[in-house]
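# sequence unknown, structure follows:
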């Protein structure tokens, strides 16, 4: 794990140094406006420019056979230099058991942890209306409030995820995006390491006002297989700085998971 993290940190340091050089030369990079998916949102806009920042607040519900999960998060994104985006996110999980279910079948409420991420747009092509970016996300996962209160400590494990993004505009209205990469989940106390691969694709129809409708498909591959989730969504631009995103989640295989709903409020100060 240390070798993986050290390698990624060196890579990100190189990206940051390149971005700082670009900023010093006062070159304002080209930026193509791509529709950003609402569930697996980006760290910052592709081709982000120095000084850009954004707050996101979200809330969602997800039905399960034995309980209902409530998700909430607060997220801050900013660009210290051209084309480099940084993000910090604090997600929460709260669970409500269904009538008649045993308490042991319901997960315990928790602060999910702290997510830190960076993203650098290394290609913006005006000719092809395409942007490409690479990034890295590190999540410090925590124990439930109950476990912390009973002496388990706060930190449960870590999740590391380098990722790649490619986005393209097809004419004036159609936007497509692919977000993919491996994910390693480490839980030291259980001597457990899991490996996943994320594949998240989206297609949106964007109006001149910035409002859009679209579909996002989130899939995660592991040794146990995969189960895609389809997320129809829409974004409403309320004013120049405020937008509201609404989406539903429809799993392809309704085993333990069920339908879900999420709302995301986006504020650009």
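Great, that's in hand. From a predicted model like this one, the values you see are computed outputs, not experimental measurements. Numbers count the residues shown, from 1 in each chain.
# what's the burial count for residue 146?
11 (other C-beta atoms under 10 Å). Backbone N, C-alpha and C define where each C-beta goes, glycine included.
# err, residue 154, not the other one
12.
# Do I have it right that it meets residue 148?
Yes. The criterion here is C-beta atoms under 8 Å, and residue 154 meets it with residue 148 at 5.7 Å.
# anything in contact with each of those two?
Common contact partners of residue 154 and residue 148 (C-beta atoms under 8 Å, 6 or more residues apart in numbering): residue 142.
# so where's the stretch 1-150 of the chain shaky on pLDDT?
For the stretch 1-150 of the chain, the stretches with pLDDT under 70 are 1-27, 99-104.
# Run through the helices of it in chain order.
Secondary structure of the stretch 1-150 of the chain by DSSP state H, counting those that start in this stretch: the helices cover 2-24, 145-149.
# any idea which residue sits dead centre in the chain?
Closest residue to the average C-alpha location of the chain: residue 40 at 4.0 Å, with C-alpha atoms, centre = their mean.
# which helices and strands sit right next to the helix or strand harbouring residue 215?
In the assignment (DSSP states H and E), residue 215 maps to strand 212-222. If you count contacts as 3 or more C-beta pairs under 8 Å, 6 or more residues apart in numbering; DSSP states H and E, strand 212-222 packs onto strand 174-187, strand 192-206, strand 229-237.
# Please repeat the previous calculation with a cut-off of 10 Å.
strand 174-187, strand 192-206, strand 229-237, strand 242-251 (3 or more C-beta pairs under 10 Å, 6 or more residues apart in numbering; DSSP states H and E).
# Off-centre distance for that strand?
Distance of strand 212-222 from its chain centroid, counting by C-alpha atoms, centre = their mean, to the nearest Å, is 12 Å.
# how many other residues sit next to residue 239?
Counted with other C-beta under 10 Å, the neighbours of residue 239 add up to 6.
# Then residue 149?
9.
# Pull the contacting residues for it.
residue 143 (C-beta atoms under 10 Å, 6 or more residues apart in numbering).
# For residue 71, which of the helices and strands packed on strand 212-222 is the nearest?
Relative to residue 71, the nearest member of the helices and strands packed on strand 212-222 by C-beta to C-beta is strand 242-251, separated by 10.6 Å.
# Describe which strands the closest one pairs with in its sheet and in which direction.
strand 229-237 (antiparallel), strand 257-267 (antiparallel) (DSSP bridges).
# buried residues in the last one?
By neighbour count, with 16 or more other C-beta atoms under 10 Å as the criterion, the buried positions of strand 257-267 are 257-258, 260, 262, 264, 266.
# try the shortest one
Buried residues in strand 229-237, counted by 16+ other C-beta under 10 Å: 229, 231, 233-235.
# Cheers, nothing more for now.
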